[in-house]
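**Q** Quick one, fold the following:
(one chain, ligands or ions: 1)
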Amino acid sequence: MFIPWMPVAASRQAGRIHFVYYFATGIAIAVFSIVVAVLAYSVLHFRVGPDDESDGPPTHGHTTLEIAWTAIPAVLVTAISIVSAVVLAQNGRAGSNPLIVKVKAVQFAWAFTYPNGKSYGSLTLPKNRPVKLEITSGDVIHSFWVPQFSQKQDAVPGQVNDLVITPDRLGTFPVVCTELCGLGHALMRSHADVVTPAKFAAFMKGGAQTGPPGLAVFQQNGCGGCHTFKPANATGTVGPDLDNLKSEAAKANRGPLTAFIHESIVDPAAYIQPGYPDAMPHVFGTQIPANQLTQLVQYLSKGAK
Ligand SMILES: [Cu+2]
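**A** Residues are numbered from 1 along each chain as shown. You can find the predicted model right below:
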């Protein structure tokens, strides 16, 4: 396309959706052009003379014209409906062997779990294989969106919504939360890497989970959306800078560092850091499994100064 009206289509579904867009837009442009042309012709051609104050000639209906302007739009609207219905049906089809990835949204992060049981904070997908995302939420309503895949799907607590994607373009594309979900909503972003099938097979085997175990817990629970923490490359500013945890724990005077961190995560309201709102989610105590919580506390206490 000469002008990039839309994000590049990076999946088969996106290609079809773009076709529907252009199909409907093409019809709209044709109708608009005809209407404006008739209007312009009428305005110019039937313009009254300077001194003509007489009434126009009386006109009655024009049956042929009326049938035409009823029938043509009906045909066009039906055509758009049929094309949309076909695309919708095709886009919902995952085929017989889709890759199933469980997607869990929480304030304010994404977790993607693969059939091998491993979870990641970003999405890795093989090119040209249908993927079925099973999307849910751990707290409030979020919405999964990758502009280049052209589809959105709500993440609703207590419910699993499917989304089928067949990536057909290698590259890295943003994952965006597109449902206002709280203070860190604007930061609730990740990315989708579309890789070759060979690379994907290596990814599934290797696990590619880099960094200390606590890092994954930190990323999966969206801590970085609100906190700055250098070891995790996190730059959030809603909550205190966790690089300063040691001095803040001393100031708070609520026991040893690890105890303070543990309490801050499972019961944020027990001690509110002066100058900050009570904005930290109160769900982590029940949401993060005990072993992961231990890893997270260790990870934060090691990185803290
Ligand atoms: Cu969200």
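
**Q** Do you have the strands of the stretch 151-300 of the chain handy? List them.
**A** Residue ranges of the strands in the stretch 151-300 of the chain, as given by DSSP state E, counting those that start in this stretch, are 151-155, 161-165, 171-177, 189-195, 228-229, 234-235.

**Q** ok, the fifth one: who's next to it in the sheet?
**A** Strand pairing for strand 228-229, determined by DSSP bridges: strand 234-235 (antiparallel).

**Q** Tell me the spacing between the nearest residue to I80 once chain neighbours are set aside and Y299.
**A** Nearest residue to I80, sequence neighbours excluded (C-beta to C-beta, 6 or more residues apart in numbering): A24, at 5.3 Å. Backbone N, C-alpha and C define where each C-beta goes, glycine included. Going from A24 to Y299 by C-beta to C-beta, to the nearest Å gives 51 Å.

**Q** So those two - more neighbours on which side?
**A** Y299 (22 against 16; other C-beta atoms under 10 Å).

**Q** Please name the residues that touch that one.
**A** Contact partners of Y299, counting by C-beta atoms under 8 Å, 6 or more residues apart in numbering, are P212, P213, G214, L215, V217, F218, P231.

**Q** Give me the local confidence score for it.
**A** On pLDDT, Y299 comes in at 92.

**Q** Could you export stretch 275-288 as PDB, CA atoms only?
**A** Only the C-alpha atoms of stretch 275-288 are listed here, as PDB (Å, rounded to 0.1, in the frame of the first residue of the first chain):
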ATOM      1  CA  GLY A 275       4.300  10.100  50.000                       C
ATOM      2  CA  TYR A 276       2.700   7.200  48.100                       C
ATOM      3  CA  PRO A 277      -0.900   6.200  47.600                       C
ATOM      4  CA  ASP A 278      -2.200   2.800  48.800                       C
ATOM      5  CA  ALA A 279      -2.200   1.800  45.200                       C
ATOM      6  CA  MET A 280      -0.400  -1.500  45.300                       C
ATOM      7  CA  PRO A 281      -2.800  -4.400  44.500                       C
ATOM      8  CA  HIS A 282      -3.800  -6.400  47.600                       C
ATOM      9  CA  VAL A 283      -4.100  -9.600  45.700                       C
ATOM     10  CA  PHE A 284      -0.500 -10.900  45.600                       C
ATOM     11  CA  GLY A 285      -0.700 -12.600  49.000                       C
ATOM     12  CA  THR A 286      -3.300 -15.000  47.600                       C
ATOM     13  CA  GLN A 287      -2.200 -14.900  43.900                       C
ATOM     14  CA  ILE A 288       1.500 -15.700  44.100                       C
END
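
**Q** Other residues contacting it?
**A** 106-107, 138-139, 182-183, 217, 221, 226, 238-240, 264-269, 272, 293, 296.

**Q** which of those count as buried?
**A** 106-107, 138-139, 182-183, 217, 221, 226, 238-240, 264-266, 268, 293, 296 (16 or more other C-beta atoms under 10 Å).

**Q** picking up where we left off before, now do the helix or strand containing the residue nearest to I80: which elements does it pack against?
**A** Element membership of A24, judged by DSSP states H and E, is helix 12-45. Packing partners of helix 12-45 (3 or more C-beta pairs under 8 Å, 6 or more residues apart in numbering; DSSP states H and E): helix 63-91, strand 151-155.

**Q** let's go with 6 Å and repeat that
**A** Applying 3 or more C-beta pairs under 6 Å, 6 or more residues apart in numbering; DSSP states H and E, one finds that helix 12-45 contacts helix 63-91.

**Q** what's the distance between the helix it packs on and the middle of its chain?
**A** A distance of 31 Å separates the centroid of the chain from that of helix 63-91, by C-alpha atoms, centre = their mean, to the nearest Å.
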